[in-house]
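Novice: Sequence first, predicted coordinates after that:
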Amino acid sequence: MSAEESSTVSTASLLADQRNMLEGSTSANAEVIAEVENAKNDSNRMQRRALREQQRLHRIQGRLTDISLNDIATLRDGEYDFFIENTIVCIRGSCSQFDARDGRTKLMPPLTHDCCQTFSTIAAVVLSSLGLAVTMQECSDVSTVNYLLYISAWLHQISAPVWPQRRARPTVGDLNAALRLREFFPSRVNEGEFEVLFYNQRDRAKELVDQLCSTSRGSRNADGSLSVCGYVIASGDYTVSIFSLAHDVKGRPNARYSEAWSLYICDSHGTQPWSGGKACLTGITVGVPKAGAEVSNGVVAKEEGLRYFAMILFALLEDHKRKTTSLQHVPYMTWSPIRRQRATLYTAEELKGIIDDSWIPSLMKNNVIAREAKKYSFAPLKCFLGLSASKTVVANGVAGSS
């Protein structure tokens, strides 16, 4: 071999060795990089998993309030009341959904004990359809709550076979479909518009409550309705509803308040201390007093009243959650908004006419509902909303100065 050939071989060998070393180094580097990336991905996955677990625990342990129903109740003249006097009005029925088949109220159906979703939805839709707080005074009596429980329990019983989702309890969508609520009342529950809230979202829940007394007119929806006037709030097997009615005080020189609302909680369980174990409507009237005007007894300043109303609602929801929460499941609520059409105003008599002459007869024409009604020997009584309307209502002092 010549010197030139020897040099060429040596150079070629050297280049090959360098190439092999470079390829080996590149391969090693790639393996190192892959290991680093895998470790980083594993770390990211663990961090995401830890974050999800932290969020889950936070949602499980989250609370709307640390205040219990007993904390905000006091004995006054031998009966339980809100701890601040002249703040709430409680319109009680004769029974709750759990004892409605006792005694004379055996008129109620077998599934009365499970009708809170139906009661809360019907009560809020019907009563918010009144439009103004002044007409609610006609319904501030025991017969109103009794009728709402009576008709809700029976409709819950006989409409169950036509609920679209076929579950043990109806959804808002089931009730809208089976009971045709959107066809007969100006207030409507929009089931597709619901918002999911966890119990650690107190601020958002309070914001939704505050919006019930909003002064903004809002924009008209496609269905001709305006701003939200209430919510159907479902959490597990418990449902409660809330709604607000404005007082007609704008432009009235003798009115003590520039703006005022009455807010109500519709609850068929009877768990609020002042309900006496009966289904009830708990109400608070809030207002913005005019400068120099004498404040009415039983009307609370707007911000303070909204705080008390939320306090009662949140304590009620927490009371139920404590009885049912499992560490395996994250408790949550759905808030389905109730919207009312513009410029609607009904008296109790007019609502009774809608119920007796249009709504109930139309439901009884459904073959399945009619069959179930016959099966349980149900013949609907005439609507008795406001049959024994009380003379004293907490909102009486809002409009006038006398």
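Specialist: On my side now, so go ahead.

Novice: The lowest-mean-pLDDT helix or strand in the chain: what's the following helix or strand?
Specialist: In the chain, no helix or strand scores lower on mean pLDDT, DSSP states H and E than helix 3-61, which sits at a mean of 65. Next helix or strand after helix 3-61 toward the C-terminus (DSSP states H and E): strand 73-76.

Novice: what pairs with that next one, and is each one parallel or antiparallel?
Specialist: Strand partners for strand 73-76, identified by DSSP bridges, are recorded as strand 79-82 (antiparallel).

Novice: buried ones in the strand it pairs with?
Specialist: 80-82 (16 or more other CB atoms under 10 Å). From N, CA and C alone the C-beta is placed, and that goes for glycine too.

Novice: okay, now the domains of this structure?
Specialist: What the record gives for the chain is the domain set 1-61, 70-397, from automatic domain parsing.

Novice: Would you tell me which one of those is buried the most?
Specialist: Across the domains of the chain, averaging neighbours per residue (mean count of other CB atoms under 10 Å) puts domain 70-397 on top, at a mean of 19.

Novice: State the mean pLDDT of that domain.
Specialist: For domain 70-397, the mean pLDDT works out to 89.

Novice: starting at the chain centroid, how far to it?
Specialist: 10 Å (CA atoms, centre = their mean, to the nearest Å).

Novice: Next, the contact list for T239, please.
Specialist: Residues near T239 by CB atoms under 8 Å, 6 or more residues apart in numbering: 116-117, 119-121, 232-233.

Novice: go with 7 Å
Specialist: By CB atoms under 7 Å, 6 or more residues apart in numbering, the residues touching T239 are 116-117, 120, 232-233.

Novice: just checking, which of those residues belong to strands?
Specialist: Counting by DSSP state E, the contacts of T239 place 232-233 in strands.

Novice: Which strands and helices lie in contact with the helix or strand M136 falls within?
Specialist: According to DSSP H and E, M136 maps onto helix 133-136. Here helix 133-136 touches strand 238-246, going by 3 or more CB pairs under 7 Å, 6 or more residues apart in numbering; DSSP states H and E.

Novice: So which residues of this protein form helices?
Specialist: Applying DSSP state H to the chain gives helices spanning 3-61, 116-128, 133-136, 142-159, 172-179, 181-184, 202-210, 302-324, 348-354, 360-364, 367-375.

Novice: Centroid-nearest residue for this structure?
Specialist: By CA atoms, centre = their mean, the chain has its centre lying nearest to I233, at 1.9 Å.

Novice: so that residue bridges to which residues?
Specialist: Here I233, judged by DSSP bridges, has bridge partners V240, W335.

Novice: next one: C266
Specialist: Those that pair with C266 in a beta bridge, by DSSP bridges, are S241, L281.

Novice: Contact partners for it?
Specialist: 119-120, 123-124, 240-241, 281.

Novice: Mind putting the residues you listed into CSV with distance to H269?
Specialist: CSV is the format used below for those (distance: CB to CB, whole Å):
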residue, distance to H269
F119, 9
S120, 10
A123, 13
A124, 15
V240, 8
S241, 12
L281, 13
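
Novice: What is the nearest of these to H156?
Specialist: The shortest approach to H156 among these belongs to F119, at 7.9 Å (CB to CB).

Novice: ok, the closest residue to L345 other than its chain neighbours - contacts?
Specialist: Spatial nearest neighbour of L345, chain neighbours left out: G131 (4.0 Å); criterion: CB to CB, 6 or more residues apart in numbering. Counting by CB under 7 Å, 6+ apart, G131 touches 340, 344-346.

Novice: at 10 Å instead, please
Specialist: 186-187, 229, 245-246, 248, 340-347 (CB atoms under 10 Å, 6 or more residues apart in numbering).

Novice: Likewise for T121?
Specialist: 152, 156, 170-172, 174-176, 179, 181, 189, 191, 232, 234, 239, 241, 266, 336, 338.
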